[in-house]
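Asker: Here is my input; please provide its structure:
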Amino acid sequence: MQSWLSSLFGTEGFAARSEVGTSGIVLLSAVADAVIAASFIVIPAALLFLYYRRGEHDRRARALLTLFILVLLSFGLSHFASLFASWGSGQVPTGVLKALSAVFALTTAIVIWKLTPELLRRPSRDRLQAEIAAHLDTLDELREARAQLEERTKELAEAKQRFEIALRGSPITVFSQDRDMRFVWVHNPPTGINPAYLLGKTDIEVFPSEAAAQIVAAKREAMETGLPQTIESNFELFGRVRSFYLLVEALHDEDGAVVGTTSVAVDISDRKAAENQLRLLLRELTHRSKNQLAVIQAIARQTASRTKSIDDFLQNFGARLVAIGCAQDLLVADDWHGASLRTLVEQQLSAYADRFGGRIAIEGEEVMLKPEAVQNLGLALHELATNAQKYGALSSNSGRVRIQWELCDAARLKLIWEERGGPPVTEPERSGFGRAMLETVVSRALDGEVKLSFPPKGVRCVIVIPPAQVVSRD
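Answerer: So this is what the prediction gives:
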């Protein structure tokens, strides 16, 4: 017992226990140093991995991270040195490493202190989340705006398509010019003009001087007053005089400043030509109406002087008016350009159409007569047919009529009316209306020749019409 107590509390026993305890503490310290050193090496490696994976490129952040990694590595190396010093003399390397760690730590602290104001200015996590949420809302708004923009773009494209379809093939041109009167945009220009030809040019460079001066004055007036201007301009284009109706309005920018003009030009050349043609026709109609009234008045007077009763007058006068009306119908059908001689003959003898090709022979080439000749020759044919029906070849079943014509010397038209097989003919003692009409009115109106003869075998009439009353074939 005494020996055991001596071993436990005696000097030798206490020394043995001290050695055992010291060895355990040294081992625990070595393990701790190893774990701490390994951690200080793994942590920088993880930081480097995260830094490069996140793609950070901030120069100051990279410098601060480098210092922090050096501090951690120096701490790790210090603990490794302490680990090795536990089994040998390693105080000097341990002290050096600790001194380096202290320098790196102090440098890092100074850098962090200097960067503190900038770090404070950087947004916090909550602020970043708020900004991200705001950005997401903005992104949604942008997406909605984009969808609306696409819808508006589609609508504009459809409107543009309708606009182009509406103007395609029409005589309407739309264009814009700047303040210097230079064309900047042209759509649907007149046939023969390329938009590229007009762009960059002024009215003076494109149109004749007189027309250009008129157009420029209207555009300057529109820019100065802000009121729309309308003009009608006539000028030669591609060798033809063209007429345009022009509507000019000032063009403004977003601030309301005048930056040029926008114009609509309508080619009214065809309309003006139609109006001129209508005026010409009206003048011609007035002239012809006066002549026609004079002829009708003469017919009425001559008919009245050669009839003994009102019924006889009405019958003869009405038939002659019908003959004049038939000639008018032919002229109207061809816009008063003239009428075919063959059609005129067939029309005036239409009451005897069942005899065409038999008792009535119509021979001659196709000839077009002018209006004056159509009216007067139609009246002459009516008088000849009426006389043949009353007294001549058409009054009997054996009579025949032959109407033939040809173009003879100097392009004169010669028409011959011959009757055969009817009652014997004697020259009348007094001149009737038909004879007076043929020999006087028709010959003078046509400026031609009329020869009426009465041989016993049948009436013969030769009418020569000058070239001026015949429509040229060219």
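Asker: Domain ranges for the chain, per the record?
Answerer: For the chain, automatic domain parsing gives the domain ranges 2-121, 169-267, 274-469.
Asker: ok, of those, where does mean pLDDT dip lowest?
Answerer: Among the domains of the chain, domain 2-121 has the lowest mean pLDDT, at a mean of 65.
Asker: What is the longest strand of the chain by residue count?
Answerer: Longest strand of the chain, by residue count under DSSP state E: strand 240-252.
Asker: In it, which residues are buried?
Answerer: By neighbour count with 16 or more other C-beta atoms under 10 Å, strand 240-252 contains the buried residues 242-251. Heads up, the C-betas are built off the backbone N, CA and C, glycines and all.
Asker: Okay, now the sheet partners of it, with direction.
Answerer: Strand 240-252 has its sheet partners listed here by DSSP bridges as strand 229-237 (antiparallel), strand 258-267 (antiparallel).
Asker: thinking again about what came up before, to R146, which of the domains of the chain lies closest?
Answerer: Between R146 and these, the tightest spacing by C-beta to C-beta is seen for domain 169-267, at 22.4 Å.
Asker: measure stretch 418-427 end to end?
Answerer: 15 Å (C-alpha to C-alpha, to the nearest Å).
Asker: Show me which residues of that stretch are buried.
Answerer: By neighbour count with 16+ other C-beta under 10 Å, stretch 418-427 contains the buried residues 418-420, 422, 425.
Asker: Filter those residues down to just the ones in strands.
Answerer: Those of these lying in strands (DSSP E): 418-420.
Asker: so how far is E158 from the residue most central in space within the chain?
Answerer: Compute the mean C-alpha point of the chain, and by C-alpha atoms, centre = their mean the closest residue is E164, 3.3 Å away. Distance of E164 to E158, computed by C-beta to C-beta, to the nearest Å: 11 Å.
Asker: same check, this time on V470
Answerer: 59 Å.
Asker: Over to D267?
Answerer: With distances taken as C-beta to C-beta, D267 is found 27 Å from E158.
Asker: More neighbours: the two, which one.
Answerer: Counted by other C-beta atoms under 10 Å, D267 and E158 do not tie: D267 has more neighbours, with 18 against 10.
Asker: my read: that one touches F244, true?
Answerer: Yes - D267 lies in contact with F244 (C-beta atoms under 8 Å); the separation is 5.9 Å.
Asker: Are we agreed that E427 is in a strand?
Answerer: No - read with DSSP: H, G, I helix; E, B strand; the rest coil, E427 is coil and lies in no strand.
Asker: Phi and psi next, for it.
Answerer: Dihedral angles of E427 (phi, psi; degrees, to the nearest 10) stand at phi -70, psi 130.
Asker: How about it: what's its closest non-neighbour residue?
Answerer: Take E427 and drop its neighbours on the chain: the residue closest to it by C-beta to C-beta, 6 or more residues apart in numbering is F454, 4.2 Å away.
Asker: Spell out, range by range, the helices that occur in the stretch 201-350 of the chain.
Answerer: For the stretch 201-350 of the chain, the helices defined by DSSP state H, counting those that start in this stretch cover 203-206, 209-225, 269-305, 310-333, 341-348.
Asker: list the contacts for T261?
Answerer: T261 is in contact with 176-177, 181, 219, 222-223, 248-251, counting by C-beta atoms under 8 Å, 6 or more residues apart in numbering.
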